[in-house]
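Colleague: sequence and computational prediction follow.
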Amino acid sequence: MRIRRLSAASLALVAALAAAPVFAAPVTYKLDPSHTIVLAQWSHFGFSNPSANFGDAEGTLVYDADNVAASSVQVTLPLSGLQGFTEKFNEHLRSADFFDAARFPVATFKSTKVEAAGEGKLKVTGDLTIKDNTRPVVLDVTLNKAAAHPMSKAQSIGFDATATLSRSDFGVGAYVPNVSDEIKLRITTEGSVPKAE
């Protein structure tokens, strides 16, 4: 009987395959609001490009590395966390001129399709709802990292994303066109697998 020795490369492959199920798909992550920023930016009469942060994001992300089409994301953005970086502007953004946060306290995003778009890249299409107006939005997404978190040791994942949308589509069109209708979104987020109760 012949015994075949495995090469170093073969051993490495075996080890990698053995480790792969640690991040086998699909995996459900809970978003970390402390490390999730949804930043909107626009032109103000052409003089400046202010921004606002939709803080306190809540949501879940399902990621299937082997079949990205089975991935999904669902996010709620409480408008109580909306920050325009000055108290006066915070109040204006939350007023009936814009988000009318008293009547519509949250914005939501729910994916409808996830597609691979190259190495470490995804295209995520979903429904964004603001003030009961729902419109499709496409996010260009970059996978930053998927690994055990060095502090919590929990299985974790992180993404960046960008999108462009028209704010008047969502009933937030005050002062168009002097204040640009086009809004640029920049998102960074990370999430972890929740610990078992």
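Modeller: Great, that's in hand. Computed from a predicted structure; not experimentally measured.
Colleague: show me the strands in this structure, by range?
Modeller: Using DSSP state E, the strands found in the chain span residues 27-31, 37-41, 51-54, 58-63, 72-78, 82-83, 106-116, 121-130, 133-148, 155-166, 182-192.
Colleague: looking at the chain, which helix or strand is least sure?
Modeller: When the helices and strands of the chain are scored by mean pLDDT, DSSP states H and E, helix 8-19 comes last with a mean of 43.
Colleague: which one of the strands of the chain lies closest to Glu91?
Modeller: strand 82-83 (10.2 Å; Cβ to Cβ). Backbone N, C-alpha and C define where each C-beta goes, glycine included.
Colleague: what about the closest one, distance to the chain center?
Modeller: Its chain's C-alpha centre and that of strand 82-83 lie 17 Å apart, by Cα atoms, centre = their mean, to the nearest Å.
Colleague: ok, stretch 63-78 next?
Modeller: Per Cα atoms, centre = their mean, the centroid offset for stretch 63-78 relative to its chain is 9 Å.
Colleague: stretch 113-123 too?
Modeller: That offset, for stretch 113-123, works out to 13 Å (Cα atoms, centre = their mean).
Colleague: next: stretch 95-111.
Modeller: 18 Å.
Colleague: ditto for stretch 171-189
Modeller: 18 Å.
Colleague: ok, stretch 105-118 next?
Modeller: The chain centroid and the centroid of stretch 105-118 are separated by 8 Å under Cα atoms, centre = their mean.
Colleague: do the same with stretch 143-159
Modeller: So, by Cα atoms, centre = their mean, the centroid of stretch 143-159 is 15 Å from its chain's centroid.
Colleague: next, count neighbours for Ala102.
Modeller: Ala102: 10 surrounding residues under other Cβ atoms under 10 Å.
Colleague: actually Leu128, not the one I wrote
Modeller: Neighbour count of Leu128, defined by other Cβ under 10 Å: 21.
Colleague: that one and Val114, how far apart?
Modeller: Leu128 sits 15 Å away from Val114, going by Cβ to Cβ, to the nearest Å.
Colleague: where are the low-confidence patches of this protein?
Modeller: By pLDDT under 70, the weakly predicted segments of the chain are 1-24, 197.
Colleague: where's the nearest residue to Ala25 once chain neighbours are set aside relative to Lys131, distance?
Modeller: Excluding its sequence neighbours, the residue lying closest to Ala25 (Cβ to Cβ, 6 or more residues apart in numbering) is Asp64, at 3.4 Å. Per Cβ to Cβ, Asp64 is found 33 Å from Lys131.
Colleague: mind listing what the closest residue to Thr76 other than its chain neighbours touches?
Modeller: Nearest non-adjacent residue to Thr76, counting by Cβ to Cβ, 6+ apart: Glu58, 4.8 Å away. Residues near Glu58 by Cβ atoms under 8 Å, 6 or more residues apart in numbering: Leu31, Pro33, Val75, Thr76, Leu77, Pro78.
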